[in-house]
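Colleague: Sequence and predicted structure, then a few things I'm wondering about:
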Amino acid sequence: MDTPPAVADTLGYLQHHLQELTEHQNASEHIINNTLAGLTAQLQQLTQLMTSPAPTPTVASPPITTSPPPVNPPSLVLSALTKQRTRPKLPSPPDFSGEQTSGQAFLNSCMLYLCLAPEQFSCDEEKIFWTLAFFKDRRAARWSENLFCQKVDTSVFPIQSWADFKQQFRSQFFPVNAEADAINALEGSLYYQGNRTVDDYLDSFLTLVSDAGYTDPRTLVVKFRRGLKTNIQSQITTMPFG
């Protein structure tokens, strides 16, 4: 028996609609199942967190501080350097007999020693006694003996300071007319170089100039060249200048 067209259409419509409902239901069930699965996983994670023991908090270890090496005070460092440094052996001044021509050289030698080794002398009296120890002959020995005789008589040494000692030494053992003697030497020919080296001649010439008080450059040049050996004068004359 053939199905009327109207009934066939109705049945087709109902079948299509039923199929859509079935697909829609399947999709809803899929979504619900996925949602339930997600919720179940979250519940399991929460359960594990609640039942597992709380982790022990990690305490950060304090930083290790390295103490700087001890620093010695500057005074200790200087003291150590002073102990390590060895001072060269200083020559003692020569014995002094009191000659006026060597008075300046002797006093300079003493003053040089005192400047280079000040730690060896605690007061001016020690400096004076040390210097007098080299007065071993003639006028110098007699002058030193006279000073100590005064000390015996008065219980006080007659010279109390190093400055006073230098002043009295100059008055006793320096040339009395040093300026006049230097002028006479420079105005004559006694200062000429002779057999001396140029360095020795120059040292002697400068000492005479200082004692004489000469300051004019032209005068000094003329006198210096005049005192040189003849062959050296000739070499200077032929030397190109400028």
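Modeller: Looks like it came in fine.

Colleague: ok, Phe135 - contacts?
Modeller: The contact partners of Phe135, taken as C-beta atoms under 8 Å, 6 or more residues apart in numbering, are Phe96, Gly98, Ala141, Trp143, Ser144. C-beta: built from backbone N, CA, C; applies to glycine.

Colleague: what does Cys110 give?
Modeller: Going by C-beta under 8 Å, 6+ apart, Cys110 touches Pro93, Thr131, Phe134.

Colleague: Tell me, please, the helix or strand in the protein that averages the lowest pLDDT.
Modeller: Every helix and strand in the chain was compared by mean pLDDT, DSSP states H and E; the lowest is helix 74-84, with a mean of 52.

Colleague: re earlier: tell me the one of the contacts of Phe135 nearest Ala117?
Modeller: Nearest to Ala117, judged by C-beta to C-beta, of those is Phe96 at 18.9 Å.

Colleague: who are the neighbours in contact with that closest one?
Modeller: Contacts of Phe96 by C-beta under 8 Å, 6+ apart are Ser102, Gly103, Phe106, Phe134, Phe135, Lys136, Asp137, Ala140, Phe173.

Colleague: so how many other residues sit close to the fourth one?
Modeller: Which is Phe134. Applying other C-beta atoms under 10 Å, we find 18 residues neighbouring Phe134.

Colleague: State the phi and psi torsions of it.
Modeller: phi -100, psi 0 (degrees, to the nearest 10).

Colleague: How about the last one?
Modeller: Note on Phe173: its backbone torsions stand at phi -120, psi 10 [degrees, to the nearest 10].

Colleague: This completes my enquiry, with thanks.
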